[in-house]
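Undergrad: Sharing a model prediction with you, sequence too.
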Amino acid sequence: MSSEPKQESDLTLDEDYPEIREAVAKLCTGFPGEYWRRLEGQPASGSYPDEFVAALTDAGYLAALIPEKYGGSGLKLRAAGVILETIHASECSGAACHAQMYTMGTVLRHGNEEQKREYLPKIATGELRLQAFGVTEPGTGSDTTQLKTRAEKRGEHYVINGQKVWTSRAAHSDLMLLLARTTPADQVSKRTLGISTFLIDLREAVGNGCEIRPIDAMINHNTTEVFFDELKVPASSLIGEEGKGFRYILDGMNAERCLIAAEAIGTGRYFIRRATEYANERVVFNRKIGENQGVQFPIAKAYMHLQAADLMVRKASALFESGRPCGAEANMAKYLAADACWEAGEACFDVYGGFAFAREYDIERKWREARLFRTAPISTNMVLNYIGQHVLGLPRSY
Ligand SMILES: Cc1cc2nc3c(=O)[nH]c(=O)nc-3n(C[C@H](O)[C@H](O)[C@H](O)COP(=O)(O)OP(=O)(O)OC[C@H]3O[C@@H](n4cnc5c(N)ncnc54)[C@H](O)[C@@H]3O)c2cc1C
């Protein structure tokens, strides 16, 4: 018999955190579809769901992952996933603020004590918004290690030049986590080295070498382009050691994948609920449309795929929480949840027929939002690349 102590599993198979689910669902009833539709009609300056973000902040949900010693609730990753899943299972969207939950993880795990004391309690109360994460660049896209934004040490400062794209919420955030090269790619032994992570104070940066321009996008995501032209930031903005920033953001990315996957599960559940309700009430040819297998089966299939993806989301979250490697599971969770969500969205869209196009039903809005899960924060193809190479041992294909 093995003398190894039995490891307790964090994997819960029942409906976990029922109190959180109930409380979040109740909060969301205050922000019906009409609220979100009205925001979509606004120019970029007025499209941010301030009241919704304030309600989540006041209830402490955005501080779920900040330890109690820094003013947060110190909950597990899975609890944060349940919060986001529940938000997305309602008419609401967590996209306007989900990064407030996980972007601080890089500061928490790799920042020094002074940085943690200075920022985390204020992020926990919502006094400071850390919702922007600048990784993607127009010229290099998914090839993150080739990013061109440069941070050069000059005395007690770094001077930043370059450009980011799709930096969501930058115009509504006080702080931004930024990935920039501190050593040119041709001077490092490994392409992941020479990249550093900075915590930029946007309140000081904007207008002093940093410019933010909104992108007119298909969904209300408050996403932007960010330009850096000789932006001078104090050397104390560096998180951890210079040149090791890529490694720091990798574990944060696994947390992000688990949480975004939970959002996709929530959105999928929204579609299944709406599709089932409508299929049970809409009568055409003198019978409920749900009596037709052509209507019923796609909903049933999407439901099964969603349930299976949910198990992977729970597994990935449990591995992350126990500090074990979870790159494969986090990627698979994100892929499977995004796919199942999209399948549920398509089924729901079909069930509603022409009415799916009518904005007042919210199906088209949720469907547009669901498309993003397949593209960001990592595209479906890049997950397949990861599984092929790192899990199956196939040759690197790119
Ligand atoms: C609404 C929105 C919000 C976003 N928010 C943020 C954010 O806050 N911060 C941030 O940093 N980024 C953000 N992103 C960026 C997002 O992460 C990227 O769009 C995504 O990672 C893909 O990068 P890209 O758009 O440059 O596509 P590209 O890298 O140009 O790829 C284009 C297509 O080619 C495929 N492809 C490329 N190379 C390969 C390969 N080797 N094998 C197979 N397929 C390949 C990709 O899968 C993709 O389908 C956001 C994007 C959107 C649309």
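TA: That came in fine, so what should we check first?
Undergrad: Near the ligand, which residues of the stretch 201-350 of the chain are found?
TA: Selection of the stretch 201-350 of the chain residues close to the ligand by C-beta under 6 Å from any ligand atom yields 217, 221, 223. C-beta: built from backbone N, CA, C; applies to glycine.
Undergrad: Just those: which are in strands?
TA: Cross-referencing these against strands under DSSP state E gives residue 223.
Undergrad: TSV for the residues of the stretch 201-350 of the chain next to the ligand, including pLDDT and distance to residue 31?
TA: Shown next, in TSV, are these (pLDDT from 0 to 100; distance: C-beta to C-beta, whole Å):
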residue	pLDDT	distance to residue 31
217	95	21
221	93	17
223	96	21
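Undergrad: Would you mind checking the residues of the stretch 201-350 of the chain next to the ligand for buried ones?
TA: Listed as buried from those are 221, 223; burial here means 16 or more other C-beta atoms under 10 Å.
Undergrad: Can you lay out the residues of the stretch 201-350 of the chain next to the ligand as JSON lines showing distance to residue 281?
TA: Converted to JSON lines, those look like this (distance: C-beta to C-beta, whole Å):
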{"residue": "217", "distance to residue 281": "34"}
{"residue": "221", "distance to residue 281": "32"}
{"residue": "223", "distance to residue 281": "37"}
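Undergrad: Break this protein down into its structural domains.
TA: Split into domains by automatic domain parsing, the chain comes to 18-129, 131-246, 250-391.
Undergrad: Which of the residues of the stretch 201-350 of the chain next to the ligand lies at the shortest distance from residue 164?
TA: The nearest member of those to residue 164, counting by C-beta to C-beta, is residue 223 at 10.6 Å.
Undergrad: what sits against that closest one?
TA: 166, 167, 168, 169, 214, 215, 217 (C-beta atoms under 8 Å, 6 or more residues apart in numbering).
Undergrad: Who is the fifth one paired with across the strands?
TA: When you say that, I think you mean residue 214. residue 224 (DSSP bridges).
Undergrad: For residue 112, give its distance to residue 120.
TA: 12 Å (C-beta to C-beta, to the nearest Å).
Undergrad: Looking at the two, which has the bigger crowd around it?
TA: Legend: neighbour count by other C-beta atoms under 10 Å for residue 112 and residue 120, higher for residue 120 (22 against 13).
Undergrad: correct me, but the more buried one touches residue 106?
TA: No. Between residue 120 and residue 106 there is no contact under C-beta atoms under 8 Å: 11.5 Å.
Undergrad: which stretches of the stretch 101-250 of the chain have low pLDDT?
TA: Applying pLDDT under 70 to the stretch 101-250 of the chain flags no residue at all.
Undergrad: all helices of the stretch 201-350 of the chain, in order?
TA: Assigned by DSSP state H, counting those that start in this stretch, the stretch 201-350 of the chain shows helices spanning 202-205, 245-281, 293-321, 327-351.
Undergrad: how far does the third one sit from the chain's center?
TA: Just to be clear, that refers to helix 293-321. Put simply, helix 293-321 sits 19 Å off its chain's centre (C-alpha atoms, centre = their mean, to the nearest Å).
Undergrad: List the buried residues for stretch 176-194?
TA: For stretch 176-194, using 16+ other C-beta under 10 Å, the buried residues are 176, 177, 178, 179, 180, 181, 182, 188, 193, 194.
Undergrad: what's the most distant pair in these?
TA: Comparing every pair within the buried residues of stretch 176-194 by C-beta to C-beta identifies 176 and 188 as the most remote, at 24.1 Å.
Undergrad: Just want the angle from the strand or helix carrying residue 196 to helix 245-281.
TA: When elements are assigned from DSSP states H and E, residue 196 belongs to strand 195-201. Strand 195-201 runs at 70 degrees relative to helix 245-281, counting by axes from the mean of the first three to the mean of the last three C-alpha atoms, to 10 degrees.
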